[in-house]
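Engineer: Need a 3D model of the sequence below.
(one chain, ligands or ions: 2)
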Amino acid sequence: MAIGRGVLAETGTRMRAGGLRGRAFVVSNERIFPLYGDPLVASLRAADFSVATYQLPDGEPTKSLASAQLLYDWLADLRAERIDTIVALGGGVVGDVAGFAAATFLRGMPLVQVPTTVLSQIDSAIGGKVGVNHRKGKNLIGAFYPARLIVSDVETLRSLTPRVLADGWAEAVKYAMILDAPLLDLLDDNVATLCDPGSATFSSDRLVEVVERCAQHKVRIVAEDEREANLRMILNYGHTIGQGIEAALSYEGLLHGEAVSIGMSGAAAISVATGFLDAALARRQDEVLRHFGLPVRLPADIPRPTTFAVLERVAQDKKARGARIQWVLLDRIGHAQIESGVPAALVQETIDRLLGG
Ligand SMILES: NC(=O)c1ccc[n+]([C@@H]2O[C@H](COP(=O)([O-])OP(=O)(O)OC[C@H]3O[C@@H](n4cnc5c(N)ncnc54)[C@H](O)[C@@H]3O)[C@@H](O)[C@H]2O)c1
Ligand SMILES: [Zn+2]
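Structural biologist: Ligands and ions are numbered 1, 2, ... in the order given. Take a look at the predicted model:
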């Protein structure tokens, strides 16, 4: 994994150093490729890769089997071989669908991720989950297929909209809350530059440090999870309620990190109500989230789903397995634990409040 300023231009040499040969099939989208396609392709050609490129349309609907099919057609037309590499240039959407194509075409081609959003640099490109959505649900179709190389150039984050940028920082706050208390202060102390991609000081050493630290947390949790089953579950902090709200809203109105931000506020409140967490620490979390411009309640301009609709989504997959909901709660900042005995009334009350009821 390479994280830093300008590392995009080193992609070709790093792929060579990692033993990759064959051709490079760059998959991106129509928004990102015009920004970073040329320097990436130049880097690959400079390292003697022959290069083909494909631009998917922008947006979450692109994460579909239909897009995978388009990629298969393209790869088949160009007679891609198993030694050739798929290079995914983009955010989580591009990474997930290109990664899925890499996992499945010819039963697997090497995959290189060049993530260009905060969320993909600190979360989705790491850990090997690739996949596409199905009309019945998000990420229903997929595989575990780790990238051979991840190249995270923080300079690419400069062209993100402030909203998408802040959205990714929600996952950074998550790592701080479950694993790394000093990171919460680091984030809060630097919130102004981390949220201002236009400023001259944006891609500072601090930015690199924060991205690196978060990425390392994900790498470590994923690696340890192989030995200690379910450790990865703590990465779901804020996601139980957050994903319930996202699904109840049919994935409209809120970005993922925004929903997770509201969900973290809920999980911290539940941690306080069950006696695990000091109320002042929950307030501290919500204060940092607000500093990032992230919501800790459903914003008033978003159509309000019913508490029941959210609860139903929260409990859905658990019900199918006949299991109780496993909550990721905090006992202090930087330390999470799994708890399955949270009273239903408390959950309902908490969601009610998050929805503004
Ligand atoms: N695989 C995993 O483990 C995992 C984990 C978390 C989330 N995800 C998935 O990731 C996806 C969300 O990823 P995301 O938040 O990166 O969203 P995204 O890929 O949709 O990117 C957000 C927007 O920013 C644009 N963009 C990306 N990089 C840019 C840049 N450098 N400059 C300007 N614009 C840029 C994109 O075109 C898009 O419009 C979801 O589909 C989610 O399910 C996967
Ligand atoms: Zn998430």
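
Engineer: C-alpha only now, for contacts and for neighbours.
Structural biologist: Fine.

Engineer: Tell me who's in contact with Val118.
Structural biologist: Residues counted as contacts of Val118 (Cα atoms under 8 Å, 6 or more residues apart in numbering) are 157, 165, 168-169, 211.

Engineer: Quick one: mean pLDDT over the longest strand anywhere in the chain.
Structural biologist: Of all the elements of type strand in the chain, the one with the most residues (DSSP state E) is strand 137-144. The pLDDT scores in strand 137-144 average 94.

Engineer: got the buried residues for that strand?
Structural biologist: Neighbour-count burial for strand 137-144, counted by 16 or more other Cα atoms under 10 Å, picks out 139, 142-143.

Engineer: Please work out which residues outside it touch it.
Structural biologist: 100, 103, 128-134.

Engineer: Also stretch 248-257?
Structural biologist: Contacts with stretch 248-257, where a contact means Cα under 8 Å, 6+ apart, come from 164, 167-171, 242-243, 246, 302, 305, 309-310, 313.

Engineer: still on that earlier bit, let me know the closest of the buried residues of strand 137-144 to ligand 1.
Structural biologist: Asn139 (6.5 Å; Cα to the nearest ligand atom).

Engineer: what about the closest residue to Ala2 other than its chain neighbours, how many residues close to it?
Structural biologist: Nearest non-adjacent residue to Ala2, counting by Cα to Cα, 6 or more residues apart in numbering: Val151, 4.8 Å away. Neighbour count of Val151, defined by other Cα atoms under 10 Å: 25.

Engineer: Can you verify Val151 is assigned to a helix?
Structural biologist: No: assigned with DSSP: H, G, I helix; E, B strand; the rest coil, Val151 falls outside any helix and is strand.

Engineer: want to throw the contacts of strand 137-144 into TSV with distance to ligand 1, neighbour count and secondary structure?
Structural biologist: Output for these, formatted as TSV (distance: Cα to the nearest ligand atom, whole Å; neighbours: other Cα atoms under 10 Å; DSSP: H, G, I helix; E, B strand; the rest coil):
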residue	distance to ligand 1	neighbour count	secondary structure
Phe100	10	27	helix
Ala103	13	24	helix
Gly128	7	18	coil
Lys129	4	18	strand
Val130	5	28	strand
Gly131	7	27	strand
Val132	8	27	strand
Asn133	8	19	strand
His134	12	14	strand
